[in-house]
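Engineer: 3D model of this:
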Amino acid sequence: MNDTSMISGIIEGFYGPPWSHETRLDFIDFLAEHGGTTYVWAAKLEPRHRELWAEPFTSEELAQFAELSIRQESVQVIIGLTPGSEATSEQLINKLRPVIENGCHGVVLSFDDLPVLDAATKHRDLANELIKQLSTQVWLVPTHYAGTTSSPYLEKLFDGLHEGVLVMWTGVHVVNDSITALDAQLRTAACHNRKPLLWDNTPVNDAIMSEALHLGPYAAREITMRDEISGLLLNPMEFALASRPTVASGLAWARGDDAWSTWEAFVSHCGWSEIAAATAFPDDPHWPGARPSDEWWQSVADMHPEGLDAGCLPWIDAAKQGATLVLSARKLLAETGDPEIAVLGRFHLAVKWRTWKRLPVLTYGGGPRIRPVVTNDENGKFAYRNGTVISPTSLIDDEVMRCLQGM
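Structural biologist: Down below sits the predicted model:
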């Protein structure tokens with residue numbers, strides 16, 4: 001690991017089925033290929049990460065950590081732990097020392113999504129003791145991890161926190177449409193002039209976002225923000241292969257290259273351009289537009305994207321069915337033959353459209369789309385923001401209704 005490199009990579013920190021060991025090894029190879037420096041093991045449903053945090057890692061887990069750590073010389077492996085409120089420094093040292101002895105390059109204390117805003121002093125002391133006793137990198141995910149304001153929790157956390165501890169931040173919100181350099185500067189000021197390590201919740205689609213598939217580029221992050229953060233960690237989807245376009249794009253951004261062209265070349269090479277556009281939303285840079293051409297719809301109907309995770313098949317099927325509906329609707333609108341046949345055709349279209357709308361995935365910008373566009377307020381508590389729930393109509397709805405209304 002080159003210590004002078006900007007931290008860039010992923011944090012496997014989603015809710016949902018954790019990746020397999022082989023998937024992790026392959027992704028570390030992918031990170032090395034694209035200039036990434038860091039993989040963080042912190043999947044919420046790994047039992048000894050969170051729920052069974054006090055249990056020692058198994059011999060199999062420690063052997064896997066060792067294998068991950070030596071996979072690529074240029075990629076460091078950091079192991080995350082979410083301690084319970086009763087955790088002692090002795091417990092954490094005893095649990096995490098074998099991690100370091102097996103070659104891992106540091107640890108993360110993850111205090112996110114826990115109702116412990118009165119525990120900042122304890123979080124600080126645990127981090128300080130770990131960095132002292134283990135002589136390794138110690139990072140920390142605070143309970144107040146979003147927003148740009150300070151809070152009593154942050155004030156206590158940073159009062160005496162070891163200068164070597166990096167503290168993570170998800171941006172203005174838990175999930176962000178954009179992040180600016182000013183946002184990062186404000187967070188730095190709120191954290192006693194310590195630059196945040198950005199945990200960017202993209203392309204993750206866990207929990208309330210599970211109906212969406214995020215295949216787009218890393219976008220709407222000001223390039224000047226690179227100078228205002230200590231590093232970038234992207235939170236991928238449970239679909240590791242489908243996460244690669246965004247991760248490749250984000251790593252390009254981190255090294256100062258063009259994120260869009262990197263993404264565009266990646267999805268084009270993989271043959272994923274159509275499914276990426278079909279699963280986009282109107283504000284995304286890869287959105288196909290309000291009225292894509294017949295040729296585009298036909299290309300989606302005919303697509304056979306290969307190499308994606310098996311779990312992506314519902315979106316592929318929905319996209320292909322939707323494209324076929326649009327082509328049928330446009331053909332009906334252009335029909336000048338028997339009016340009775342046209343009426344029957346519209347009934348047939350309506351029934352197929354109703355079936356399509358009941359599919360449990362979102363495509364073509366349809367909603368309701370639900371995301372945690374929430375922040376932490378000046379007390380460190382979560383605050384709701386507009387944009388958490390939006391309910392646009394999909395391109396399919398627009399095209400089919402245009403036909404059914406005879407427009």
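Engineer: make it CA atoms for all contacts and neighbour counts henceforth
Structural biologist: Fine.
Engineer: and after the helix or strand harbouring residue 232, which helix or strand comes next?
Structural biologist: Counting by DSSP states H and E, the element that carries residue 232 is strand 231-235. For strand 231-235, the following helix or strand on the C-terminal side (DSSP H and E) is helix 240-254.
Engineer: other SSEs contacting that following helix?
Structural biologist: Under the contact definition 3 or more Cα pairs under 8 Å, 6 or more residues apart in numbering; DSSP states H and E, helix 240-254 sits against strand 7-12, strand 197-203, strand 231-235, helix 259-270.
Engineer: List the neighbouring strands of the second one plus their orientation.
Structural biologist: Strand 197-203 has the following sheet partners, assigned by DSSP bridges: strand 166-169 (parallel), strand 231-235 (parallel).
Engineer: Please enumerate the helices of the protein.
Structural biologist: 21-33, 59-69, 89-101, 120-134, 152-158, 181-190, 240-254, 259-270, 273-278, 294-301, 313-334, 339-357, 395-404 (DSSP state H).
Engineer: Including mean neighbour count and distance to residue 381, could those go into TSV?
Structural biologist: Below are the helices of the chain laid out as TSV (neighbours: other Cα atoms under 10 Å; distance: least, Cα to Cα, whole Å):
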stretch	mean neighbour count	distance to residue 381
helix 21-33	17	34
helix 59-69	17	35
helix 89-101	17	26
helix 120-134	19	14
helix 152-158	19	10
helix 181-190	19	15
helix 240-254	24	29
helix 259-270	17	33
helix 273-278	25	35
helix 294-301	17	44
helix 313-334	19	35
helix 339-357	14	36
helix 395-404	19	37
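Engineer: Residue 325: what's it in contact with?
Structural biologist: 349, 352-353, 396, 400 (Cα atoms under 8 Å, 6 or more residues apart in numbering).
Engineer: pLDDT value on the closest residue in space to residue 366 that isn't next to it in sequence, please?
Structural biologist: Excluding its sequence neighbours, the residue lying closest to residue 366 (Cα to Cα, 6 or more residues apart in numbering) is residue 394, at 3.9 Å. pLDDT for residue 394: 98.
Engineer: Tell me how far residue 394 lies from residue 401.
Structural biologist: Residue 394 is 11 Å from residue 401, where distance means Cα to Cα, to the nearest Å.
Engineer: cool, residue 19 as well?
Structural biologist: 41 Å.
Engineer: so which of the helices of the chain comes closest to residue 372?
Structural biologist: helix 181-190 (18.1 Å; Cα to Cα).
Engineer: Residue 130 touches residue 94, doesn't it?
Structural biologist: No: using Cα atoms under 8 Å, residue 130 makes no contact with residue 94, being 10.2 Å away.
Engineer: most distant residue from the middle of the protein?
Structural biologist: Each residue of the chain has a distance to the centre, and by Cα atoms, centre = their mean the biggest one is for residue 338: 51.2 Å.
Engineer: now the worst-scoring helix or strand of the chain on mean pLDDT against helix 313-334, angle please.
Structural biologist: Counting by mean pLDDT, DSSP states H and E, the chain has its least confident helix or strand at helix 339-357, which shows a mean of 93. Inter-element angle recorded for helix 339-357 and helix 313-334: 160 degrees (by axes from the mean of the first three to the mean of the last three Cα atoms, to 10 degrees).
Engineer: Put the alpha carbons of helix 339-357 into CSV.
Structural biologist: What follows is helix 339-357, C-alpha atoms only, in CSV (Å, rounded to 0.1, in the frame of the first residue of the first chain):
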residue,chain,number,x,y,z
PRO,A,339,-61.1,1.2,-36.0
GLU,A,340,-62.4,-1.9,-34.2
ILE,A,341,-59.1,-3.6,-34.4
ALA,A,342,-57.5,-0.5,-33.0
VAL,A,343,-59.9,-0.5,-30.1
LEU,A,344,-59.1,-4.1,-29.3
GLY,A,345,-55.4,-3.3,-29.6
ARG,A,346,-55.7,-0.6,-27.0
PHE,A,347,-57.5,-2.9,-24.6
HIS,A,348,-54.7,-5.5,-25.1
LEU,A,349,-52.1,-2.8,-24.5
ALA,A,350,-53.8,-1.5,-21.4
VAL,A,351,-53.9,-5.0,-19.8
LYS,A,352,-50.2,-5.6,-20.6
TRP,A,353,-49.4,-2.1,-19.2
ARG,A,354,-51.3,-2.9,-15.9
THR,A,355,-49.2,-6.1,-15.5
TRP,A,356,-46.0,-4.2,-16.2
LYS,A,357,-46.8,-1.5,-13.6
